[in-house]
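Visitor: with the input below, show me the fold.
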Amino acid sequence: MKKLFLCSYFAEVKDTFKDFMNNDTKGKKVLFIPTANIDKETKFLVDEAKEVFKSLGMEVEDLEISKLDEKTIKNKIEKTNYLYVGGGNTFYLLQELKRKHLIDFIKNRVNSGMVYIGESAGAIITSKDIEYNDLMDDITIAKDLKEYSGLNLVDFYVVPHLNEFPFEESSKQIVKKYKDKLNIIAINNSQAIIVKDDKFEIK
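Guide: Next comes the predicted model:
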């Protein structure tokens, strides 16, 4: 079964995640990709997400994909049952995933039963294409990114941080611009999208 947990702000949906895991978190190991977070001012978000996992008794292993070789990364993703992909710049994240040829690899692992946990940028890249997010993230940071196809794990387009600082305007603008063109699902910081196979619900 394909299972995804998508959110804007992981630290604020801890209880929802616990329910998603059926309270069965102790001793579980999560592979943690912090690659999107390239802004020093938001590094605390990485620490917060790690603290959530640790408070639930989960073991966290860092996987900084911009610094490791493709074989090492794929070997680690192949063995994990839980993959967390954090927030930050969505375009930079996608660029690094494509550099290491991880798009199809991650998609296949999720379709084979690996649980995918995506926060903000990590949620956005599950859509078919991420170009719609250029109103929220600086696209010029990813200088080597030539096209914007994402993981294509869901048939909707996540807009995180709806009406939340500092994304009040950009989140509203994306919804307004694309609501009639794309299947937009906008969530605030205290909501999560639970995907099981081809069905999803907002909690």
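
Visitor: residue boundaries of the helices in this protein?
Guide: Per DSSP state H, the chain carries helices over the ranges 14-20, 43-55, 70-79, 90-99, 103-111, 121-124, 168-178.

Visitor: out of the ones you listed, nearest to residue 198?
Guide: helix 103-111 (11.4 Å; Cβ to Cβ). In short, each C-beta sits where N, CA and C put it, glycine included.

Visitor: most neighbours per residue, which of the helices of the chain?
Guide: Mean neighbour count, computed with mean count of other Cβ atoms under 10 Å, is highest for helix 121-124 among the helices of the chain, reaching a mean of 28.

Visitor: for that one, the distance to its chain's centre please.
Guide: Between the centre of helix 121-124 and the centre of its chain there are 3 Å (Cα atoms, centre = their mean, to the nearest Å).

Visitor: and for that helix, what's in contact with it?
Guide: 6-8, 33, 36, 84-90, 93, 118, 130, 133, 137, 150, 157-158, 160, 193 (Cβ atoms under 8 Å, 6 or more residues apart in numbering).

Visitor: about what we covered before: closest to residue 143 out of the helices of the chain?
Guide: Using Cβ to Cβ, the nearest of the helices of the chain to residue 143 is helix 90-99, at 8.0 Å.

Visitor: compute the inter-axis angle for the closest one and helix 103-111.
Guide: In terms of direction (axes from the mean of the first three to the mean of the last three Cα atoms, to 10 degrees), helix 90-99 departs from helix 103-111 by 90 degrees.

Visitor: relative to helix 70-79, how tilted is helix 90-99?
Guide: Going by the same axes, to 10 degrees, helix 90-99 makes 100 degrees with helix 70-79.

Visitor: so which elements touch helix 90-99?
Guide: Helix 90-99 sits against helix 121-124, with contacts defined as 3 or more Cβ pairs under 8 Å, 6 or more residues apart in numbering; DSSP states H and E.

Visitor: by mean pLDDT, show me the worst of the helices of the chain.
Guide: Among the helices of the chain, helix 43-55 carries the lowest mean pLDDT, a mean of 91.

Visitor: so which elements touch that one?
Guide: helix 14-20, strand 29-33, strand 59-62.

Visitor: pairing partners for the second one, with directions?
Guide: According to DSSP bridges, strand 29-33 forms sheet pairs with strand 59-62 (parallel), strand 82-85 (parallel).

Visitor: got the buried residues for that strand?
Guide: 30-33 (16 or more other Cβ atoms under 10 Å).

Visitor: residues near residue 60, how many?
Guide: 17 (other Cβ atoms under 10 Å).

Visitor: separation between it and residue 78?
Guide: Note on residue 60: its distance to residue 78, by Cβ to Cβ, to the nearest Å, is 18 Å.

Visitor: then residue 145?
Guide: 25 Å.

Visitor: hmm, back to that, I'd like the helices and strands packed on helix 43-55 written out as TSV, with distance to residue 126 added.
Guide: Output for the helices and strands packed on helix 43-55, formatted as TSV (distance: least, Cβ to Cβ, whole Å):
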stretch	distance to residue 126
helix 14-20	15
strand 29-33	13
strand 59-62	21
